[in-house]
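Trainee: give me the fold of what follows.
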Amino acid sequence: MIPPSGEQFEIRAGQQHCVITEVGATVRSYRAADEDVLHPYAVDAMCDGGHGAPLIPWPNRISSGRYRFDDVEHQLALTEPAKRNAIHGLLRWQPWGVAEHAADRVVMRTRLHPLTGYPFRLDVDIVYVLDEGGLTVTTSAQNSGAQACPYGSGQHPYLSAGDGTVDDCTVQLRADTRIRTDPERQIPVGTEPVDGTPFDFREPTPLGELAVDSAFTDLRRDADGLAWVRLTRPDGVTVELWADASYPVIQLYTADSLAGDRRRRALAAEPMTCPPNAFHSGDGVRRLEPGESTTSTWGVRLR
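Mentor: Below you'll find the model as predicted:
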């Protein structure tokens with residue numbers, strides 16, 4: 001029987017094992033040394049909560065699904081109808097093909113054809129590689145159409161809390177600014193410094209019962225230009241996610257709305273090339289001319 005997420009593509013390196021899916025090119029599971037690095041979803045289940053999904057051609061939300069590009073108004077389907085938003089792009093439920101597949105590497109490929117609300121054509125490759133540094137994910141998109149198009153991307157991995165919940169974990173994200181959103185629709189209404197707020201994660205901070213579903217920016221980076229999220233479990237095991245300079249925003253989400261025993265079992269750490277509602281505001285949206293391409297890279301490992 002074909003799983004809901006389609007064909008499963010496995011890659012391995014030493015004690016690491018990762019499964020990428022045909023539907024959405026999601027990371028369905030990633031384990032290292034018999035530990036979940038990324039929180040999985042079951043092979044017989046549909047992807048829930050965006051687990052491991054690429055978010056293309058925009059991450060997060062677009063208010064009312066409306067935006068203007070090159071003086072033309074566009075209306076997207078409201079894929080988050082309760083909040084009247086378009087959410088997380090157009091490729092989460094699309095089948096992807098395999099361009100290359102080796103023991104430790106798989107390249108997933110798809111073409112986004114013009115459609116209502118996004119009348120542009122994109123060719124997208126995502127390269128998943130396992131090596132001694134963990135899992136590295138490189139997303140490349142090319143405008144294969146005849147007109148310029150707006151573009152943003154992200155991905156939605158969940159850092160696993162192991163056998164417990166995030167309540168017992170500490171998190172570190174060296175970001176100076178949180179993007180504030182309205183409570184009803186989660187559309188940005190401004191920014192605030194994290195200093196003196198419950199959302200100051202610049203040093204390892206216990207999460208406790210704090211609910212987080214916010215984007216952070218003004219990221220502090222290491223000497224290699226990487227921003228890091230670190231989730232440390234009570235046993236001292238740490239899951240580390242890094243994002244290169246193409247990702248100026250990282251969203252954190254404590255999985256409070258996931259159903260049943262999946263609630264708060266992981267921390268979503270979502271690298272994003274632009275902030276929420278970017279197509280509407282224009283903030284950080286990449287303009288791709290015909291034939292132009294762009295590439296972004298993030299990775300995750302167990303320490």
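Trainee: count the residues that sit near the nearest residue to Asp244 once chain neighbours are set aside.
Mentor: Using CB to CB, 6 or more residues apart in numbering and skipping the chain neighbours, the partner closest in space to Asp244 is Thr297 (4.8 Å). Where you see a C-beta, it was placed from the backbone N, CA and C, and this is true even at glycine. Using other CB atoms under 10 Å, Thr297 has 18 other residues around it.
Trainee: okay, and Thr297 sits in which element?
Mentor: Here Thr297 sits within strand 293-302, counting by DSSP states H and E.
Trainee: number of residues surrounding Gly162?
Mentor: Around Gly162 there are 19 residues (other CB under 10 Å).
Trainee: let me fix that: Asp48
Mentor: Counted with other CB under 10 Å, Asp48 comes out at 13.
Trainee: show me what contacts it?
Mentor: 41, 258-259, 262 (CB atoms under 8 Å, 6 or more residues apart in numbering).
Trainee: Ala266 versus that one, what's the distance?
Mentor: To Ala266, Asp48 is 11 Å away according to CB to CB, to the nearest Å.
Trainee: any shared contact partners between those two?
Mentor: With CB under 8 Å, 6+ apart, Asp48 and Ala266 have no common neighbours.
Trainee: hmm, back to that, which two in the contacts of Asp48 are spaced the farthest apart?
Mentor: Tyr41 and Ala259 (11.4 Å; CB to CB).
Trainee: and those two? Which one has more around it.
Mentor: A count of neighbours by other CB under 10 Å puts Tyr41 above the other of Tyr41 and Ala259, at 22 against 8.
Trainee: hmm, that one is touching Cys47, no?
Mentor: Yes. With contact defined as CB atoms under 8 Å, Tyr41 and Cys47 form a contacting pair (5.8 Å).
Trainee: overlap in contacts, these two.
Mentor: When contacts are counted by CB under 8 Å, 6+ apart, the set common to Tyr41 and Cys47 consists of 5, 28.
Trainee: show me where the chain has helices.
Mentor: 278-281 (DSSP state H).
Trainee: so which residue is dead centre in it?
Mentor: Gln155 (1.9 Å; CA atoms, centre = their mean).
Trainee: which residue sits closest to it, ignoring its sequence neighbours?
Mentor: Pro54 (5.3 Å).
Trainee: the one you found contacts Ala25, correct?
Mentor: Yes. Under the criterion of CB under 8 Å, Pro54 makes contact with Ala25 at 5.7 Å.
Trainee: of the two, who's got more company?
Mentor: Neighbour count, other CB under 10 Å: between Pro54 and Ala25, Ala25 has more, with 33 against 26.
Trainee: the more buried one contacts Thr110, doesn't it?
Mentor: Yes. Look at Ala25 against Thr110 with CB under 8 Å: they come within range, at 7.2 Å.
Trainee: now do the shared contacts for the two.
Mentor: 91, 96.
Trainee: what's near enough to touch Arg185?
Mentor: 61, 63, 83-85.
Trainee: so which of those residues is the most crowded?
Mentor: When neighbours are counted by other CB under 10 Å, Arg61 leads these with 25 neighbours.
Trainee: skipping adjacent residues, who's closest to that one in space?
Mentor: Asn85 (4.2 Å).
Trainee: swap in Tyr41?
Mentor: The nearest residue in space to Tyr41 (CB to CB, 6+ apart) is His51, at 4.7 Å.
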